[in-house]
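>>> need the 3D shape of this:
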Amino acid sequence: MKTIIHVNQHVIKANRIYGENNPALTVKDYKQNRKCHTASILGPSTIKHSPHKPLPCGARVWIETEAEVKVA
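From the prediction side, this is the model:
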């Protein structure tokens, strides 16, 4: 199952402005969308940069993996 991990820059900015600590990582697969502070990839992965064709969420850099991803 393909999993995509990206950093939500809007959460980082909001955390800085409002002094919050909301999770800025998003781990997406076909059945769920998990937000977390830490993601551990238990196998091979690829980092992708696509400035002219971002993901639907707007991410231009992300990690893709077929391996299991543990979140904390």
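
>>> how close does Pro56 sit to Lys35?
17 Å (C-beta to C-beta, to the nearest Å). All C-beta spots, glycine's among them, are computed from the backbone N, C-alpha and C.

>>> so these two - more neighbours on which side?
Lys35 (14 against 5; other C-beta atoms under 10 Å).

>>> the more buried one pairs with what?
Lys35 has these beta-bridge partners by DSSP bridges: Thr26.

>>> these two touch, right, it and Val7?
No. The criterion here is C-beta atoms under 8 Å, and Lys35 misses it with Val7 at 11.1 Å.

>>> what do these two both touch?
Counting by C-beta atoms under 8 Å, 6 or more residues apart in numbering, the shared contacts of Lys35 and Val7 are Leu25, Thr26.

>>> run a quick neighbour tally on Asn15.
For Asn15, using other C-beta under 10 Å, the count is 15.

>>> what separation do you get for it and Pro51?
In terms of C-beta to C-beta, Asn15 sits 24 Å off from Pro51.
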